[in-house]
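J.: make a model of this:
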Amino acid sequence: MKIVLFDFDGVLVDTEPIYDIFWNQAGKRYNIGIENFAEVIKGTTLPDIIANYFNDRTEEEKQTIIRESTEYERHMALPAMPGSMEFLHLLRKHHVTMGLVTSSDMEKIERAIALYKLDTIFNTIVTSDRITKGKPDPVCYLLAASDLNASPGDCLVFEDSFAGIRAATKAGMQVIALSTTNPAESLLNKASKVIPNFEGVTFEQFLQWQ
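T.: Alright, predicted model coming up:
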């Protein structure tokens, strides 16, 4: 069986609509001038957002945006995506090696691990704290493979954002896309398979995706 690597937001938890509210409001509040700003930055880390879209702002403004985002994230709900937690425990039951690869920070992931009792699920976790370049750069997925002594070709990735899919593809990994954030038809030519979520997925189905 392939090693399985999961993105977090939009794959395991349904947080993308919650992020959309914050970043679309921030885009207007700071006059970014980009329509649907939240859609443009999906899958990218906070440092990359600051570097790419707030680089012309004063250091004080940058720090204010970082504080606002961090505080918002610290108190946001982490609703599970349909079937996601059941799927994780199903794979663990069958001794599948798994990793979590996310643009979120470790504080948020630790909160999710405690909330959903995931402390025995992941064999490695790569968060924004461990990388210098965010998705679509492949470094996060390559780091996870290295942690697990695996070659990229032996890894199966579940992603939802275009940036995340590009990162995993650049890393040389097989990608299954979830149409939780983007329409299924927009993902068809970017992944080996597109699924709506993990609800009702059996282990036999999982084996067919290898």
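J.: buried residues of the top helix by length along the chain, list them for me.
T.: Taking DSSP state H as the criterion, the chain has its longest helix at helix 59-75. By neighbour count on 16 or more other C-beta atoms under 10 Å, the buried set for helix 59-75 is 65, 69, 72-73. Where C-beta positions appear, they are placed from N, C-alpha and C, glycine not excepted.
J.: neighbours of Gln208, how many?
T.: Other residues near Gln208 number 9, with proximity taken as other C-beta atoms under 10 Å.
J.: nope, Asp20 is what I was after
T.: Asp20 - counted by other C-beta under 10 Å - has 16 other residues nearby.
J.: what residues go with each domain of this protein?
T.: 3-14+78-208, 16-75 (automatic domain parsing).
J.: go through these and pick out the most buried.
T.: domain 3-14+78-208 (a mean of 19; mean count of other C-beta atoms under 10 Å).
J.: list the contacts of the closest residue to Thr124 other than its chain neighbours.
T.: With sequence-adjacent residues excluded and distances taken as C-beta to C-beta, 6 or more residues apart in numbering, Thr124 is closest to Asp147, at 3.9 Å. By C-beta atoms under 8 Å, 6 or more residues apart in numbering, the contact set of Asp147 is 99, 123-124, 126.
J.: if I look at Asp147, how far off is Leu100?
T.: 11 Å (C-beta to C-beta, to the nearest Å).
J.: need the residues touching each of these two.
T.: By C-beta under 8 Å, 6+ apart, the residues touching both Asp147 and Leu100 are 124, 126.
J.: please, where are all the helices along the protein?
T.: Under DSSP H, the chain gives helices at 16-29, 37-40, 46-53, 59-75, 84-93, 106-116, 139-147, 162-170, 203-208.
J.: adding mean pLDDT, write the ones you listed out as CSV.
T.: Shown next, in CSV, are those (pLDDT from 0 to 100):
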stretch, mean pLDDT
helix 16-29, 93
helix 37-40, 92
helix 46-53, 93
helix 59-75, 93
helix 84-93, 98
helix 106-116, 95
helix 139-147, 98
helix 162-170, 97
helix 203-208, 97
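J.: returning to what we had before: in strands, which of the contacts of Asp147 fall?
T.: Of these, the ones assigned to strands by DSSP state E are 99, 124, 126.
J.: now these as CSV including distance to Val201 and pLDDT?
T.: What follows is the ones in strands among the contacts of Asp147, written out as CSV (distance: C-beta to C-beta, whole Å; pLDDT from 0 to 100):
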residue, distance to Val201, pLDDT
Gly99, 19, 98
Thr124, 22, 98
Val126, 24, 98
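J.: gap between the two ends of stretch 48-57?
T.: Length of stretch 48-57, first residue to last, C-alpha to C-alpha, to the nearest Å: 14 Å.
J.: now the residue of the chain positioned farthest from its centre: how far from Pro79?
T.: Using C-alpha atoms, centre = their mean, the residue of the chain lying farthest from its centre is Thr58. It sits 29.1 Å away. Distance of Thr58 to Pro79, given as C-beta to C-beta: 36 Å.
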